[in-house]
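Asker: Predicted model follows, preceded by the sequence.
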Amino acid sequence: GQSLEQPSEVTAVEGAIVQINCTYQTSGFYGLSWYQQHDGGAPTFLSYNALDGLEETGRFSSFLSRSDSYGYLLLQELQMKDSASYFCAARDSSYKLIFGSGTRLLVRP
Amino acid sequence: NAGVTQTPKFRILKIGQSMTLQCAQDMNHNYMYWYRQDPGMGLKLIYYSVGAGITDKGEVPNGYNVSRSTTEDFPLRLELAAPSQTSVYFCASSTTGLATNEKLFFGSGTQLSVL
């Protein structure tokens, strides 16, 4: 089986840095993806980590540690528009892409 | 390019009715997926396809059927609608390749209510 665990909600202040964690249990693992979804919208791809370490894309970074079955999404210089839900996702041994339950990020002024 | 197009955007069904949710992509992607998302929850995989003529069950396939006769189209069929199928349905596609197929492109979704 496959499961991905994320905190349900995180609150942060505009301009701050926030980290959203994801721990996974899987019988097979290829890498960890992150998606953003605004209320009423469709998910959009943010990043993918196949190897251990940090991947940086502008204000967003994603980290993976295969030995700890753990990853995180780091958002810097938070803006109000970053208020959204964030999902981690991974493929299981049969290559199905499974999503975590999501973390709702609220950015306050 | 239109990307991934889903129709309809909204639909209300009566219990026991049937319908097909349409999904088409114009990016020549081999991989296509159907997810459902209940309010405040994550996405659950219903069915997926790795190419024309090949489909496989996801996490929650019961009550649904799919077909993939062409690369472009991946319709989802609900045969006997039940209130438990009230949800938002997303179709997605991705290309092949070890890293590039991890980037899913999503349609705008279909909001379905079964009353």
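Answerer: It's in. All values reported here derive from a predicted model rather than from experimental measurement.
Asker: drop to CA atoms for contacts and neighbour counts, all remaining ones
Answerer: Noted.
Asker: which residue is nearest the middle of chain B?
Answerer: B:W34 (2.7 Å; C-alpha atoms, centre = their mean).
Asker: which residues touch whatever residue of chain B ends up closest to chain A?
Answerer: Nearest residue of chain B to chain A (C-alpha to the nearest C-alpha) works out as B:G42 at 4.1 Å. Neighbour list for B:G42: A:87, A:99-102 [criterion: C-alpha atoms under 8 Å, 6 or more residues apart in numbering or on different chains].
Asker: Near chain B, list only the ones from these.
Answerer: Contacts with chain B within these, counted by C-alpha under 8 Å from any C-alpha of the partner chain: A:87, A:99-102.
Asker: out of these, which one sits closest to A:L78?
Answerer: A:L78 has its nearest neighbour among the ones next to chain B among the contacts of B:G42 in A:F87, at 17.4 Å by C-alpha to C-alpha.
Asker: Quick one: residues contacting that closest one.
Answerer: Contacts of A:F87 (C-alpha under 8 Å, 6+ apart): A:34-36, A:99-103, B:42.
Asker: ok, back up a step: among the ones next to chain B among the contacts of B:G42, which are located in helices?
Answerer: Judged by DSSP state H, helices contain none of the ones next to chain B among the contacts of B:G42.
Asker: Quick check: the farthest pair among those residues?
Answerer: Farthest pair in those, by C-alpha to C-alpha: A:F99 and A:G102, 7.9 Å.
Asker: Mutual contacts of these two, please.
Answerer: Joint contacts of A:F99 and A:G102 (C-alpha under 8 Å, 6+ apart) are A:87-88, B:42.
Asker: Indicate the residue of chain A located nearest to chain B.
Answerer: For chain A and chain B, the shortest gap (C-alpha to the nearest C-alpha) falls at A:S101, measuring 4.1 Å.
Asker: Contacts only, for that residue.
Answerer: Contacts of A:S101 by C-alpha under 8 Å, 6+ apart are A:4-6, A:8, A:87, B:41-43.
Asker: before we move on, back to that, pretty sure the residue nearest to the centre of chain B sits against B:Y48.
Answerer: Yes. Judged on C-alpha atoms under 8 Å, B:W34 makes contact with B:Y48 at a distance of 6.2 Å.
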